[in-house]
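>>> Need the 3D shape of this:
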Amino acid sequence: MRLDTHLLACLNALITEAHVSRAASRMNISQPSMSIALGRLRQIFNDPLLVKTRHGMTPTPRALEIVEHVRTALTEIEGALVHTTAAGPHRAPRDFRIVILNSLAHFVIPPLVRRLRTEAPDTRLILIPSDVRRTTALLEDNECDLVVGYPPGLSAGLHSRPLLKSKLSVIAGAQHPDIHDRLSLSQYGNATHVVLGSGPAPVSTIENTIDQTMRARRMSRRIGMRVPDLMLSGPIVAATDMIATVPDRLARYFATSLAIRVYKLPIPLDDPTILMIWSERTHRDPAHRWIRQLVRESALQATPPAGSSA
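Numbers count the residues shown, from 1 in each chain. Now for the predicted structure:
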């Protein structure tokens, strides 16, 4: 079992506070997450580390021995993370690996690249198409530096920040034989859908949420086609009698060049929140903090064109 920086910090917090809830608050994570971390630490060190007594939780002798080394290591790691040159963290050539869907990258990445070309021309972005449901594995295995998307859940060792709300709309061909001025729930349920998800991971997180909401109403969608990228859904919908549920900004982008109409999603569904997720490994690194700030600022520019759904 691996011992990472996050677990070391959790161990320090647990021994310092001698209380799981206070240690969780100190680390800004939930109490269940800290309990899981304590369980992992007990397995790693083969020691209970904290035991219940009539005075509360008390560190074991082994815990007191370990924590001195942990505090020394954390101090050295902290110094390495915050170290940077006087010229600033963005001056040295860097590669940043970002997992993001093409349909989202289409709006977020161009303003980001424009900033980089001006402020840090030696910085290179590497975009990785992958399933955001693998977010924890991708970050913990150092396969990427940042994930932008809507994952189903996050491990205790990851950091995240809301990036933008992704309102969903429905697109249908302008000459659809059954759907005209309005899209009803019955029409939505009876239509044939183009959905995101193909290959080894056939269902996306958002598509799964839609289907769960439909099942709660004792309805289901008829799937006519699965695509690996939502950028394909617009041309397919425009050429057929199928419909698709996509982010509103993407729907309105399609409407500028394709013969489609945009409709309000006829089921009650909270707007998915797109997250930016990173690991403890890069949490304090100045260059990574800088690139995350640029991604946030670029996402603010990724607003859909004016207009309202039919």
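>>> For the protein, give me the ranges with low pLDDT.
1-3, 54-55, 78-93, 198-203, 302-310 (pLDDT under 70).
>>> hmm, try it at 50
Scanning the chain for pLDDT under 50 picks out the ranges 83-88, 304-309.
>>> now residue 177, what's its secondary structure?
Here residue 177 is coil, with the state taken from DSSP: H, G, I helix; E, B strand; the rest coil.
>>> Tell me the spacing between it and residue 242.
For residue 177, the distance to residue 242 equals 12 Å [C-beta to C-beta, to the nearest Å]. (Glycine included, C-beta is placed from N, CA and C.)
>>> do the same with residue 127
28 Å.
>>> more crowded one of these two?
residue 242 (22 against 16; other C-beta atoms under 10 Å).
>>> Grab the longest helix from this protein for me.
Longest helix in the chain by number of residues (criterion: DSSP state H): helix 61-82.
>>> Could you identify the helix or strand that succeeds whichever helix or strand residue 188 is part of?
Under the criterion of DSSP states H and E, residue 188 resides in helix 185-190. Sequence-wise, the next helix or strand downstream of helix 185-190 (DSSP H and E) is strand 192-196.
>>> got the buried residues for that following strand?
Using 16 or more other C-beta atoms under 10 Å as the test for burial, strand 192-196 gives 193-196.
>>> which one among those residues gets closest to residue 17?
Nearest to residue 17 among these: residue 196, at 43.8 Å, using C-beta to C-beta.
>>> circling back to that earlier point, so which elements touch the longest helix of the chain?
helix 5-17 (3 or more C-beta pairs under 8 Å, 6 or more residues apart in numbering; DSSP states H and E).
>>> all strands of the stretch 51-200 of the chain, in order?
56-59, 95-100, 124-128, 146-149, 158-165, 168-173, 192-196 (DSSP state E, counting those that start in this stretch).
>>> got CSV for these, with distance to residue 296 too?
Formatted as CSV, those follow (distance: least, C-beta to C-beta, whole Å):
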stretch, distance to residue 296
strand 56-59, 38
strand 95-100, 13
strand 124-128, 15
strand 146-149, 10
strand 158-165, 7
strand 168-173, 22
strand 192-196, 24
